[in-house]
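J.: Sequence first, then the predicted structure, then my questions.
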Amino acid sequence: MAGRKPFEPTEEQRKQVEAFAAYGIPQEDMCKLLLNPRTGKPIDLKTLHKHFRVELDTGMVRANAKVAESLFRQAVGAPAQYDAGGKLIRAEQTPVVSAGIFWAKARMGWKEREVHEHTGADGGPIEVDDARSKLADRIARLAAAGAAREGSGEPQPE
């Protein structure tokens, strides 16, 4: 009895899986889009992992590398490129400040700091009420009031 023919991925399917991995498509969803040409049915996760391991592992890395290259080119600029015949392949890329700022924050750990300065009346220093001095003033007033009552002949509270 002859067994089933094993699944053989096509080059087109390999490119699709690499692109799906680059885009962050969940593997379960990739399976729904990849049909086994022999059965016409979607492949399962086991088949995806067995036959497309390299594409799954490298798709996101390749995409990140392309985005990093593009961002870097935007941050630092790039000269125009021409083919051997002198035909323009890519125009000059002038540096984009926001790309440089993003690169500095994401790759170099830079961050923006906000400084908040507070001032008192008319731009002067902030006056802070000192609790100790308030308490000492209150005690002195109470003592003075008590001394004044003592001299007046009023009954003193106990």
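T.: Now that the structure is in, tell me what you want to look at.
J.: so where's this structure shaky on pLDDT?
T.: 1-3, 151-158 (pLDDT under 70).
J.: all helices of it, in order?
T.: Secondary structure of the chain (DSSP state H): helices at 11-23, 27-33, 45-51, 53-76, 97-108, 131-152.
J.: Using JSON lines, lay out these together with mean neighbour count and distance to residue 120.
T.: Using the backbone N, CA and C atoms, a C-beta is placed for each residue, glycine as well. Listed next are the helices of the chain as JSON lines, based on neighbours: other CB atoms under 10 Å; distance: least, CB to CB, whole Å:
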{"stretch": "helix 11-23", "mean neighbour count": "16", "distance to residue 120": "56"}
{"stretch": "helix 27-33", "mean neighbour count": "14", "distance to residue 120": "61"}
{"stretch": "helix 45-51", "mean neighbour count": "14", "distance to residue 120": "67"}
{"stretch": "helix 53-76", "mean neighbour count": "14", "distance to residue 120": "44"}
{"stretch": "helix 97-108", "mean neighbour count": "13", "distance to residue 120": "35"}
{"stretch": "helix 131-152", "mean neighbour count": "10", "distance to residue 120": "17"}
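J.: what's the closest of the ones you listed to residue 39?
T.: helix 45-51 (10.9 Å; CB to CB).
J.: Now do that closest one: everything it contacts.
T.: By CB atoms under 8 Å, 6 or more residues apart in numbering, the residues outside helix 45-51 that reach it are 7, 9, 17, 27-28, 30-31, 34, 36, 43, 56.
J.: Using PDB, list the CA coordinates for that helix.
T.: What follows is the C-alpha trace of helix 45-51 in PDB, where atoms were taken according to Å, rounded to 0.1, in the frame of the first residue of the first chain:
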ATOM      1  CA  LEU A  45       0.300  24.200  12.400                       C
ATOM      2  CA  LYS A  46       2.500  21.100  12.500                       C
ATOM      3  CA  THR A  47       2.900  21.300   8.700                       C
ATOM      4  CA  LEU A  48       3.600  25.000   8.800                       C
ATOM      5  CA  HIS A  49       6.300  24.500  11.400                       C
ATOM      6  CA  LYS A  50       7.800  21.500   9.700                       C
ATOM      7  CA  HIS A  51       8.100  22.900   6.100                       C
END
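J.: how much space is there between the spatially most central residue of the chain and residue 45?
T.: What sits nearest the mean C-alpha location of the chain, by CA atoms, centre = their mean, is residue 106, with 7.8 Å. In this structure, residue 106 lies at 33 Å from residue 45, with CB to CB, to the nearest Å as the measure.
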